[in-house]
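Undergrad: attaching a predicted model along with its sequence, questions to come.
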Amino acid sequence: MAKINKSITGAPFPTPVALVTTTDKSGQANIITLAWVGIVCSQPFMVGVSIRPTRYSHKLLLEVPEVVINIPTEAILRQADFCGTVSGREIDKFQATNLTAESASVVKPPLIVECPVNLEGKVNNKLTLGTHDLFICEIVASHIDETLLNEEGKPDLSRAKPFIYLATDYLSLDKKIGHYAFTKKKSTT
Ligand SMILES: Cc1cc2nc3c(=O)[nH]c(=O)nc-3n(C[C@H](O)[C@H](O)[C@H](O)COP(=O)(O)O)c2cc1C
């Protein structure tokens, strides 16, 4: 396989798409679409979100350093894209998209009801990297739609139909091809 030296526009490997809610001090909430998002620690559970200082959400995060990381589904793909193309400086994205805000249990920004997974986070660190600042968010509460629990009561997140971002495309996840440690030999004892 011959490889060429070439930079890739967008994400060179699949990333999640998250709708991150923030709020100003008066309680006015905003939504930003983010792809530069990832789990960075299991215990305590932490998620890193990278945001350009020019974004309105960046300003809000300095004002109120709390987030809700909402995972969108294919059903709200258009709203997810839209929230990544307009700024909360100009419009109320909840009103414009008809997405529903619900009070979070710990943090000030709201959950997005249409997203089946919502992670409430408090910013515990900010790293200035270059184009983006990385906000490390410690997850203090999490919510999952109960219809996503399987017969054993365990989350089956593929039922939610989340989607990923690759290069500059949104892709669905249609087929399960394995599971964690499926290559590990089962003990015969
Ligand atoms: C799929 C997608 C992924 C994006 N990922 C990021 C990101 O990781 N970081 C970022 O700063 N902006 C990202 N953006 C751009 C912001 O979502 C966009 O500039 C948004 O309008 C900013 O909203 P705000 O000004 O209300 O905060 C992304 C946009 C899209 C559509």
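TA: The structure has been received and is ready for your questions. Numbers count the residues shown, from 1 in each chain.
Undergrad: distance of the residue of the chain found nearest the ligand from residue 164?
TA: Using CB to the nearest ligand atom, the closest approach of the chain to the ligand is made by residue 84 at 2.5 Å. Where you see a C-beta, it was placed from the backbone N, CA and C, and this is true even at glycine. Applying CB to CB, to the nearest Å, the value for residue 84 to residue 164 is 14 Å.
Undergrad: residue 170 too?
TA: 7 Å.
Undergrad: which residues do those two both contact?
TA: Residues touching both residue 170 and residue 164 by CB atoms under 8 Å, 6 or more residues apart in numbering: residue 17.
Undergrad: rewinding a little: next, the contact list for the residue of the chain closest to the ligand, please.
TA: Contacts of residue 84 (CB under 8 Å, 6+ apart): 32, 33, 34.
Undergrad: now, these that are in strands?
TA: Under the assignment DSSP state E, these contribute 32, 33, 34 to strands.
Undergrad: out of the residues you listed, which are close to the ligand?
TA: Contacts with the ligand within the ones in strands among the contacts of residue 84, as defined by CB under 6 Å from any ligand atom: 32, 33, 34.
Undergrad: got the contact list for the second one?
TA: Taking CB under 8 Å, 6+ apart as the contact definition, residue 33 lies against 17, 18, 19, 20, 80, 81, 83, 84.
Undergrad: excluding its backbone neighbours, what's nearest it?
TA: Nearest residue to residue 33 in three dimensions, chain neighbours excluded: residue 84, at 3.1 Å (CB to CB, 6 or more residues apart in numbering).
Undergrad: I'd like to know how far the one you found sits from residue 1.
TA: For residue 84, the distance to residue 1 - CB to CB - is 34 Å.
Undergrad: repeat for residue 21
TA: 43 Å.
Undergrad: for those two, indicate the residue with more neighbours.
TA: The residue with more neighbours, out of residue 21 and residue 1, is residue 21; 31 against 2, by other CB atoms under 10 Å.
Undergrad: so which helix or strand takes in the more buried one?
TA: strand 18-23 (DSSP states H and E).
Undergrad: tally of neighbours for residue 37?
TA: 21.
Undergrad: ok, the closest residue to it other than its chain neighbours - how many residues close by?
TA: In space, and not counting its chain neighbours, residue 37 is closest to residue 18: 4.7 Å by CB to CB, 6+ apart. Counted with other CB under 10 Å, residues neighbouring residue 18 total 27.
Undergrad: residue ranges of the helices in the protein, please?
TA: Using DSSP state H, the helices of the chain run over residues 56-63, 77-83, 93-97.
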